[in-house]
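Novice: After the sequence you'll find the predicted model.
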Amino acid sequence: MNFQNILSELENVDPEIYERTSERRAAFKNFGAIGKRFTLAALPFALGSIFQKAYGQTNAGVIGVLNYALTLEYLESNFYIKGVATPGLIPAGSSLGAMTLIRDHEVTHVNFLKTAITASGGTPVSYTAAQFDFTAKGGFPDVFTNYNTFLAVSQALEDTGVRAYKGQAGNLQGTANRGFLTAALNIHSVEARHASHVRMMRAALGVNVKPWITGVTSGIDARTAGNYAGEDVTIQAGVNITGLSGASGNISASAATEAFDEPLTKDQVTALVTPFFA
Amino acid sequence: MTIKSNQVDDSMPGVIEPSKQTSRRKFLATAGGFSLLSAVAISSCKKSSSDLMASAAVNLGSGDVGILNYAYALEQLEAAFYFKVMASPYANMSAAEASYLTDIRDHELAHREFFKTALGSNAIGGLEVDFSSIDFTSRTSVLATAKAFEDLGVTAYNGAGQLLQSADYLLLAGKIVSVEARHAALIRDLITPNSFADNTALDANASDMARKPADVLAIASVYLKTKINASNLPV
């Protein structure tokens, strides 16, 4: 199974050794500066603390991130499992095909993360269908009877999933976590592909949305305001995007917001998805 | 995050000019820090073709700056492509397609100009593109190229993430890669409905793939006259 390849890649230390070597080189560069400030006897301790930075990353933080991702994937997969299995909800043909494909992706993400967590010595979280309430405590009462509502919730879940993964990238940084970071990024972009497609499905039904997020508009309503809050920023890393040259004149505010997706913190996402847990 | 604006090259409002004049100006503007080898190349340029000038490699640099220049190079390529697509739309481009492709062009311009501004004096110059393999009058050719660029961009950013040291830059790459993935999904659906995330893009783990810079640049080089030296990038 291909799964095996990924896992062996995750556990493969060779690329890390390469990176650690360069960290080590940097460490030796610092060594000179330290030497000036410490006595010779203190040096081994100073060196030890430098290496701890390179090697001492605890896995607990990483497992936490992976379990958070797994929780969101359980939410998504159960949503699509139920939607696809609900007779008369999703039109047969292309629409059902798309939702079935997305369902299969989310189920695969669940299995991938479970295996990755277990292989890393962690304990994966676990959820059953009964633990979800996709009406979000009555917020979307017709989620499985009204196709438009189903697609709206789908869009919100996908766009929020993109923001959630994005918000965790920094927590997977560091030499020891390279495999996890890349695996998470590789899922992150798939959630964005889903979001793009679901938005196109809604646009085809007359909803005013594009595959990308313009400002904070969602084509839904106040119920998902929090899912899109902050998507309207036009300043990136101190650069005002609307002050940059576009095709004719400056980049528009719409394009400036569409061109960059924004992250959400774990706390923000948790608050947004909590109503979906029974 | 740092990096004040220092306009390396103000001559590219939309597309990278292939004229000898421009490429030479750019080349000379960026050649200052280069070695003896570059000096030799410059002297040959004086009497020779733009092809020869283009053969002088642009060095992306090292560390995070190198990775950002790598992203800047890819965004230059994408922006130049979509600019040309919308400057001379293929026959019977629908209004909806024109609207989407215009949006994508503007996103790529935003990305390109962002990197140029953020990198400031560390930015590489403007790259010369080679779109001779693309038939801009053909929807099939244009969309196939767009798909290739967008899917490539996704794998490039996904692969670059682990090479970045700065959390700020990693987040920025994340902000951009999901937009590239949105583009990729749309373009794929325009070519073949429901191919937004099929198994030609995804692996058995329903995940996108990640490519190393060297592998990405080997693919991108088909569309670039300017040679890119990525030898100092982190690995």
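Specialist: Arrived safely, thanks for sending. Here the structure is a predicted model, which is why all the values come from computation and not from measurement.
Novice: Where does pLDDT dip in chain B?
Specialist: Counting by pLDDT under 70, chain B contains low-confidence residues at B:1-55.
Novice: So which residue is dead centre in it?
Specialist: In chain B, the C-alpha nearest the mean C-alpha coordinate belongs to B:L74, at 1.9 Å (CA atoms, centre = their mean).
Novice: Who are the contact partners of that residue?
Specialist: B:L152, B:G153, B:A156, B:V216, B:A220 (CB atoms under 8 Å, 6 or more residues apart in numbering or on different chains). The C-beta positions use only the backbone N, C-alpha and C, and glycine is treated the same way.
Novice: do the same with B:S178
Specialist: Contact analysis of B:S178 by CB under 8 Å, 6+ apart lists A:V162, A:K166, A:H188, A:S189, A:E191, A:A192, A:D261.
Novice: How about B:Q162: what's its closest non-neighbour residue?
Specialist: A:R178 (4.2 Å; CB to CB, 6 or more residues apart in numbering or on different chains).
Novice: Tell me the buried residues in stretch A:104-118?
Specialist: Within stretch A:104-118, the residues that count as buried by 16 or more other CB atoms under 10 Å in any protein chain shown are A:105-117.
Novice: thinking again about what came up before, is the residue nearest to B:Q162 in a helix, a strand, or coil?
Specialist: With DSSP: H, G, I helix; E, B strand; the rest coil as the basis, A:R178 sits in helix.
Novice: What of A:A164?
Specialist: Under three-state DSSP, the three-state class of A:A164 is helix.
Novice: I'd like to know how far it sits from A:A183.
Specialist: A:A164 is 15 Å from A:A183, where distance means CB to CB, to the nearest Å.
Novice: Pull out whichever of the buried residues of stretch A:104-118 are also neighbours of chain B.
Specialist: A:H105, A:E106, A:T108, A:H109, A:F112 (CB under 8 Å from any CB of the partner chain).
Novice: Can you verify my assumption that the fourth one contacts B:D208?
Specialist: Right, A:H109. No: the criterion here is CB atoms under 8 Å, and A:H109 misses it with B:D208 at 11.8 Å.
Novice: Which residues are in contact with each of these two?
Specialist: A:I187, A:V190.
Novice: what about the closest residue to B:L127 other than its chain neighbours, how many neighbours?
Specialist: Leaving aside its sequence neighbours, B:L127 sits nearest to B:T226 (CB to CB, 6+ apart; 4.4 Å). Using other CB atoms under 10 Å in any protein chain shown, B:T226 has 24 other residues around it.
Novice: all strands for chain B, in order.
Specialist: B:58-59, B:228-229 (DSSP state E).
Novice: So for A:T71, which of those strands sits nearest?
Specialist: Closest to A:T71 of the strands of chain B is strand B:228-229 (CB to CB; 41.3 Å).
Novice: Show residues contacting the closest one.
Specialist: Here strand B:228-229 makes contact (CB under 8 Å, 6+ apart) with B:A57, B:V58, B:N59, B:L60, B:A73, B:L127, B:L217, B:A220, B:S221.
Novice: That one: how far from the chain's middle?
Specialist: Distance, stretch centre to chain centre, for strand B:228-229: 13 Å (CA atoms, centre = their mean, to the nearest Å).
Novice: Save the strands of chain B as CSV, and put in distance to B:G66 and mean neighbour count too.
Specialist: Below are these laid out as CSV (distance: least, CB to CB, whole Å; neighbours: other CB atoms under 10 Å in any protein chain shown):
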stretch, distance to B:G66, mean neighbour count
strand B:58-59, 9, 22
strand B:228-229, 10, 16
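Novice: re the thing from before, so which of the ones next to chain B among the buried residues of stretch A:104-118 sit within strands?
Specialist: Among those, no member falls in strands (DSSP E).
Novice: show me where pLDDT drops low in chain A?
Specialist: Residue ranges of chain A with pLDDT under 70: A:1-58.
Novice: Strands of that one, start to end?
Specialist: Along chain A, the segments classed as strands by DSSP E run A:235-236, A:239-240.
Novice: Determine which of the ones you listed approaches B:Y82 most closely.
Specialist: Among the strands of chain A, strand A:235-236 comes nearest to B:Y82, with 19.7 Å by CB to CB.
Novice: who's in contact with the closest one?
Specialist: A:I241, A:F260, B:F114, B:A118, B:L172, B:K175.
Novice: which neighbours does that strand have in its sheet, and in what orientation?
Specialist: Here strand A:235-236 is paired, per DSSP bridges, with strand A:239-240 (antiparallel).
Novice: distance between the partner strand and the chain's centre?
Specialist: Worked out by CA atoms, centre = their mean, strand A:239-240 lies 25 Å from the chain centre.
Novice: now stretch A:66-81
Specialist: 11 Å.
Novice: swap in stretch B:123-136?
Specialist: With CA atoms, centre = their mean, you get 8 Å for stretch B:123-136.
Novice: Buried residues in it, which are they?
Specialist: Using 16+ other CB under 10 Å as the test for burial, stretch B:123-136 gives B:A123, B:I124, B:G125, B:G126, B:L127, B:E128, B:V129, B:D130, B:F131, B:I134.
Novice: unless I'm mixing things up, the last one is touching B:A146, no?
Specialist: Same thing as B:I134. No: between B:I134 and B:A146 no contact is recorded; they are 9.8 Å apart, counting by CB under 8 Å.
Novice: Show me whatever sits in contact with both of these two.
Specialist: Here B:I134 and B:A146 have B:F81 as joint contacts, going by CB under 8 Å, 6+ apart.
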